[in-house]
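>>> sequence? don't have it. structure:
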């Protein structure tokens, strides 16, 4: 009986919403159950034993009990707290972005081990990498891959011609590159440079240790960001909320007071 | 909020309406809503009318304090009006409710500022959606010596505190954060690492 009523799973916290007097509904990402919403009882009380395990971005091992509607978190053990993601403003902004993407792009109870590994790897590296931009782009490319939206970067998605090393167009609706001859017919396309295509191809094929060796400079970083974000927002059919905050952090405008406060 | 329409067949329309209204409240499910509605039905007239009146005045007679953004029944709230309070200290909290436990301690004698939320990037809430610029303009008069950041010790609260710290730093005002440590009556065995790390880092000398 007890074996069926509870189960153990690793989990990373994506979201929390307040529920009832002192409870929270926590959205986890797990390797075996995909996205999972569960009830964490009493975690808003200061003496709660669970509150540490269900804090945002935390990676923990949890014992869950099957509930009528939602499963209930009963015990836990923290595996990684990812402390820098909570104590560094920029890194926390990146982590918000990463968990929002995972949360928005997945459905509940859909097993996806590679995606869990990617999320864990990304949060882990996010704690100490110098180049958060590169890591985020690597994450986006591989997220698309885990979700089955890997963009076609070798042949024109319209005429299937092998791409020549010239500037092409990226089509979010087609999920790949259009050669110059085909690009005219499609709306919503955006230009993409040869270098950007090369970086995306590298990110698709390589592990992070290899991918992180490339050095990407200023105009190229924002080009990649725009191409990938445009594609992801097209797929999600909505704007990524935390991107606005991340952009603000990157521009360094966060240290400036809000406009209307000028004396 | 979804409209739940599962009562009217079984009970009189005014009762059903009240049950539905109760159900919209946080933490109240169908059973509690029914119990409350039937209780009011048999309760004294004064009690029911008193409740109705309390609810109406709640909306009509309250507004935000023009200084600290706390809920107030006049232009400025009772804390901002009180000459005994120390105007050189401002304690920043997330929501009006957070002031109550701080007041109960009687350990804090400064003023407050209510942000009405925290930075929550995934919900699209940034500093512009909070009462940050109101705080910033309060800091311009040179009177304030210390800002105590009392946002909740979770990821959003920390992000908000770090953001405000960066914002206030150039003004040459002392910025402090509520200590993060063990709650009274806690058990080390069940304390999470983050809390314990904070407790070790901010340990105190027993004088």
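Received the coordinates, thanks. Values in this document were obtained by computation on a predicted structure and should not be read as measured data.
>>> So, low pLDDT: which residues of the chain?
The chain I'm using is chain A. Across chain A, the ranges flagged by pLDDT under 70 are A:1-3, A:185, A:253-263.
>>> Not quite, go with chain B.
In chain B (pLDDT under 70), the answer is B:1-9.
>>> Show me which residues of it sit near chain A.
With CB under 8 Å from any CB of the partner chain as the criterion, chain B meets chain A at residues B:26-27, B:119, B:121-124, B:126-128, B:132-134, B:136-137, B:140, B:154-156, B:158-159, B:162-163, B:166-167, B:169-170, B:183, B:185-186, B:190-195, B:197. C-betas here are computed from N, CA, C, even on glycine.
>>> In chain B, what residue lies closest to chain A?
Residue nearest to chain A within chain B: residue B:192 (2.3 Å; CB to the nearest CB).
>>> Tell me the spatial nearest neighbour of residue B:164, not counting adjacent residues.
If the residues on either side of it in the chain are set aside, residue B:164 comes closest to residue B:149, at 6.0 Å by CB to CB, 6 or more residues apart in numbering or on different chains.
>>> can you tell me which residues contact that neighbour?
Contact analysis of residue B:149 by CB atoms under 8 Å, 6 or more residues apart in numbering or on different chains lists B:92, B:160-161, B:164-165, B:175-178.
>>> Format those residues as TSV; extra columns: secondary structure and distance to residue A:250.
Formatted as TSV, these follow (DSSP: H, G, I helix; E, B strand; the rest coil; distance: CB to CB, whole Å):
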residue	secondary structure	distance to residue A:250
B:92	strand	25
B:160	helix	18
B:161	helix	20
B:164	helix	19
B:165	helix	19
B:175	strand	23
B:176	strand	28
B:177	strand	25
B:178	coil	29
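>>> ok, of those, which come out buried?
Among the contacts of residue B:149, those scoring as buried are B:92, B:160-161, B:164-165, B:175, B:177-178 (criterion: 16 or more other CB atoms under 10 Å in any protein chain shown).
>>> element containing residue A:8, please.
Using DSSP states H and E, residue A:8 falls within strand A:6-19.
>>> The helix or strand that comes right after that strand vs chain B: in contact?
Next in sequence after strand A:6-19, counting helices and strands by DSSP H and E, comes strand A:23-30. No. Taking CB under 8 Å from any CB as the criterion, strand A:23-30 and chain B are apart, separated by no less than 9.4 Å.
>>> With stretch A:97-107 instead?
Yes. Applying CB under 8 Å from any CB, one finds stretch A:97-107 in contact with chain B at A:97, A:99-100, A:103.
>>> swap in stretch A:128-145?
No. Under the criterion of CB under 8 Å from any CB, chain B is not reached by stretch A:128-145; the shortest gap measures 13.6 Å.
>>> still on that earlier bit, reformat the contacts of residue B:149 as TSV; add distance to residue A:7.
Output for these, formatted as TSV (distance: CB to CB, whole Å):
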residue	distance to residue A:7
B:92	42
B:160	36
B:161	37
B:164	41
B:165	42
B:175	45
B:176	44
B:177	38
B:178	37
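>>> Return the member of these nearest to residue A:80.
Residue A:80 lies nearest to residue B:161 out of the contacts of residue B:149, by CB to CB, at 22.3 Å.
>>> how far away is the closest one from residue B:151?
5 Å (CB to CB, to the nearest Å).
>>> Same check on residue A:248?
On the measure of CB to CB, residue A:248 and residue B:151 end up 18 Å apart.
>>> Residue B:49 now?
Taking CB to CB, one finds residue B:49 at 40 Å from residue B:151.
>>> roughly how far out does the helix or strand hosting residue B:194 sit from the chain middle?
Taking DSSP H and E as the definition, one finds residue B:194 inside helix B:193-201. Chain-centre distance of helix B:193-201: 25 Å, with CA atoms, centre = their mean, to the nearest Å.
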